[in-house]
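**Student:** Quick one, what's the 3D model for this:
(one chain, ligands or ions: 1)
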Amino acid sequence: MKNVSKALTIAGSDSGGGAGIQADLKTFQELNVYGMSVLTAVTAQNTLGVQAVYPMTPEAVRRQIDSIAQDMGTDALKTGMLFSAEIIAAVAEKIRQYQWEKVVVDPVMVAKGGETLLEREAVDSLKNDLLPLACLVTPNIPEAEVLTEMSIQTMEDKKAACQKLHRLGPKWVLIKGGHDRGDDQATDILFDGKEFFTFQSKRIPTKNTHGTGCTFSAAITAELAKGAEVPDAVSAAKKFIAAAIENGIKIGKGHGPTNHWA
Ligand code: PLP
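**Tutor:** Have a look, this model is predicted:
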């Protein structure tokens, strides 16, 4: 019998299969980790965008987490689309109850097409309830700007935003460079409250990037589940996501997904 590492995603469903729960489970599988999922919302979605969002009740979210915790447990978990302050409160309560520590928070806010995946009034709950419980938070630049209320233009701004985010309680902060302005490099910065680590990669010109953020944080979570330290998990996940973007899938009429089995 095989003994495997386990990872849990608490996130939204993308019916198109490119982002959310589906991207996370495919990534876990690809990285040889047993994947489990707690649905926070169902989206009607394809490569053209999000057509509708149906949030779960906070009780349904709590019950799914209990089912997993009381049987299999998990070695690491990530959160993705959480949608509302009530769902964030439910997730935070359960992370505290089960004393889960390897918690990656991907602060998903809007889809590339602009549709809301986190209600505006839930941003404070994310900051106050969830970030203090996080091992790592992985905002892109627009998300880091919302969370810090800063404009991030330069590398110095990015470092200052890391410090401000770290003060909210996560052990590690990773600000991703995928949205770096006017740069052919994407520079991610990782910060543990003392030291900055930088990860650079060349920008890959493609429109098939749907689900990139989900896939990246899922890959980090899988590496943490297998026992990697945070900088090594980020470094391995960065290689995975670069290949996933390079081999993006041309499917549908809009933005195709990254390739989870790159
Ligand atoms: N749908 C769900 C359920 C998601 O979790 C996310 C991103 O986290 C998206 C859609 C957005 O994906 P993208 O902005 O990469 O198109």
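
**Student:** Run through the bridge partners of A11.
**Tutor:** Judged by DSSP bridges, the bridge partners of A11 are L39.

**Student:** Next, the contact list for it, please.
**Tutor:** Contacts for A11 were tallied using C-beta atoms under 8 Å, 6 or more residues apart in numbering; they are 20-21, 24, 37-40, 78-82, 108, 214. C-beta coordinates here come from the backbone N, C-alpha and C atoms, glycine included.

**Student:** show me which of those residues neighbour the ligand.
**Tutor:** 20, 80-81, 108, 214 (C-beta under 6 Å from any ligand atom).

**Student:** ok so, going back, from the contacts of A11, which would you call buried?
**Tutor:** 20-21, 24, 37-40, 78-82, 108, 214 (16 or more other C-beta atoms under 10 Å).

**Student:** what are the ranges of the strands in the chain?
**Tutor:** Counting by DSSP state E, the chain has strands at residues 6-14, 34-46, 49-55, 76-79, 103-105, 136-137, 172-175, 185-191, 196-202.

**Student:** Any idea which of the ones you listed gets closest to G256?
**Tutor:** Of all the strands of the chain, it is strand 34-46 that lies closest to G256, at 10.5 Å by C-beta to C-beta.

**Student:** Any figure for the gap between the nearest residue to H255 once chain neighbours are set aside and the ligand?
**Tutor:** Nearest residue to H255 in three dimensions, chain neighbours excluded: H210, at 4.5 Å (C-beta to C-beta, 6 or more residues apart in numbering). H210 is 4 Å from the ligand, where distance means C-beta to the nearest ligand atom, to the nearest Å.

**Student:** contacting residues around H210?
**Tutor:** Contacts here follow C-beta under 8 Å, 6+ apart; on that basis H210 touches 16, 18-19, 47, 112, 254-258.

**Student:** how does it look with 10 Å?
**Tutor:** Applying C-beta atoms under 10 Å, 6 or more residues apart in numbering to H210 gives the contacts 14, 16-19, 23, 45-47, 49, 111-113, 248-249, 251-252, 254-258.

**Student:** circling back to that earlier point, quick one, which of the strands of the chain is nearest to E223?
**Tutor:** strand 76-79 (8.5 Å).

**Student:** remind me, longest helix of this protein?
**Tutor:** Looking across the chain with DSSP state H, the single longest helix is helix 230-246.

**Student:** quick one: buried residues of it?
**Tutor:** If you call a residue buried by 16+ other C-beta under 10 Å, then helix 230-246 has these buried ones: 230, 233-238, 240-242, 244-245.

**Student:** swap in stretch 143-152?
**Tutor:** So, applying 16+ other C-beta under 10 Å, buried residues of stretch 143-152: 143-148, 152.

**Student:** Next one: the residue nearest to H255 from G248, what distance?
**Tutor:** Look at H210 and G248: by C-beta to C-beta, to the nearest Å, they are 8 Å apart.

**Student:** list the residues that contact both of the two?
**Tutor:** Common neighbours of H210 and G248 (C-beta under 10 Å, 6+ apart) are 18, 255-258.

**Student:** Residues of the protein that sit close to the ligand?
**Tutor:** 11-12, 14, 19-20, 43, 45, 80-81, 108, 111-112, 117, 210-214.

**Student:** now, which of these lie within helices?
**Tutor:** Using DSSP H, the residues of the chain next to the ligand in helices are 20, 212-214.

**Student:** now, the most widely separated pair of those?
**Tutor:** G20 and T212 (12.2 Å).

**Student:** for the stretch 151-262 of the chain, which spans come out with low pLDDT?
**Tutor:** Applying pLDDT under 70 to the stretch 151-262 of the chain picks out residues 181-183, 261-262.

**Student:** swap in the stretch 1-150 of the chain?
**Tutor:** For the stretch 1-150 of the chain (pLDDT under 70), the answer is none.

**Student:** circling back to that earlier point, out of the buried ones among the contacts of A11, which comes closest to E156?
**Tutor:** V108 (26.4 Å).
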